[in-house]
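A.B. asks: build me a structure from this.
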Amino acid sequence: MARENAILDKSKAFALRIIKLYKYLCGKNEYVLSKQLLRCGTSIGANVKEAIRGQSKADFYAKLNISLKEASEAEYWLELLFESDYMDKPAFDGIHADCQEIIKLLVSITKTQKNNS
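C.D. replies: Numbers count the residues shown, from 1 in each chain. Prediction:
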């Protein structure tokens, strides 16, 4: 049985929400901001997955830092989409909260990893 990994599970669920949001925004003829969000929002989990299979502690730390940067970028694109009226407040609040939770987890993991190095 596979062990639960909170950051991996949350980043994958977030990526799936981002994909659904991208499809919705394309239906509203918004392709530029949503494509940027799609790229970074799905990259978070991909880099977490790579980190888990890292070749060293340094590789693990580097991949998680990339995930953190991608999560911060996703937060920026979400804010732009909301502030430009492509997203309503309830939709924004939910996905933004998920993004912030991922950022907090990644900050915690990277700080712990850095302190243990």
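A.B. asks: those helices in the chain, which residues are they?
C.D. replies: 6-27, 32-52, 57-83, 89-115 (DSSP state H).
A.B. asks: the inter-axis angle of the third one versus helix 89-115?
C.D. replies: Meaning helix 57-83. Interaxial angle, helix 57-83 versus helix 89-115 (axes from the mean of the first three to the mean of the last three C-alpha atoms, to 10 degrees): 160 degrees.
A.B. asks: make TSV out of the helices of the chain and add mean neighbour count and mean pLDDT.
C.D. replies: Just so you know, the C-beta spots here come from the backbone N, C-alpha and C atoms, and that holds for glycine as well. Listed next are the helices of the chain as TSV, based on neighbours: other C-beta atoms under 10 Å; pLDDT from 0 to 100:
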stretch	mean neighbour count	mean pLDDT
helix 6-27	16	97
helix 32-52	19	97
helix 57-83	18	97
helix 89-115	15	95
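A.B. asks: may I have stretch 46-63 as PDB, with CA atoms only?
C.D. replies: C-alpha atoms of stretch 46-63 as PDB (Å, rounded to 0.1, in the frame of the first residue of the first chain):
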ATOM      1  CA  ALA A  46       5.400  17.400 -11.500                       C
ATOM      2  CA  ASN A  47       8.400  18.900  -9.700                       C
ATOM      3  CA  VAL A  48       7.200  17.400  -6.300                       C
ATOM      4  CA  LYS A  49       7.100  14.000  -8.000                       C
ATOM      5  CA  GLU A  50      10.600  14.600  -9.400                       C
ATOM      6  CA  ALA A  51      11.800  15.600  -5.900                       C
ATOM      7  CA  ILE A  52      10.600  12.400  -4.400                       C
ATOM      8  CA  ARG A  53      12.700  10.500  -6.900                       C
ATOM      9  CA  GLY A  54      15.700  12.900  -6.400                       C
ATOM     10  CA  GLN A  55      19.200  11.600  -6.700                       C
ATOM     11  CA  SER A  56      20.400  13.400  -3.600                       C
ATOM     12  CA  LYS A  57      19.200  15.700  -0.800                       C
ATOM     13  CA  ALA A  58      20.400  18.700  -2.900                       C
ATOM     14  CA  ASP A  59      18.300  17.500  -5.900                       C
ATOM     15  CA  PHE A  60      15.300  17.000  -3.600                       C
ATOM     16  CA  TYR A  61      15.700  20.500  -2.200                       C
ATOM     17  CA  ALA A  62      16.200  22.100  -5.600                       C
ATOM     18  CA  LYS A  63      13.100  20.400  -7.100                       C
END
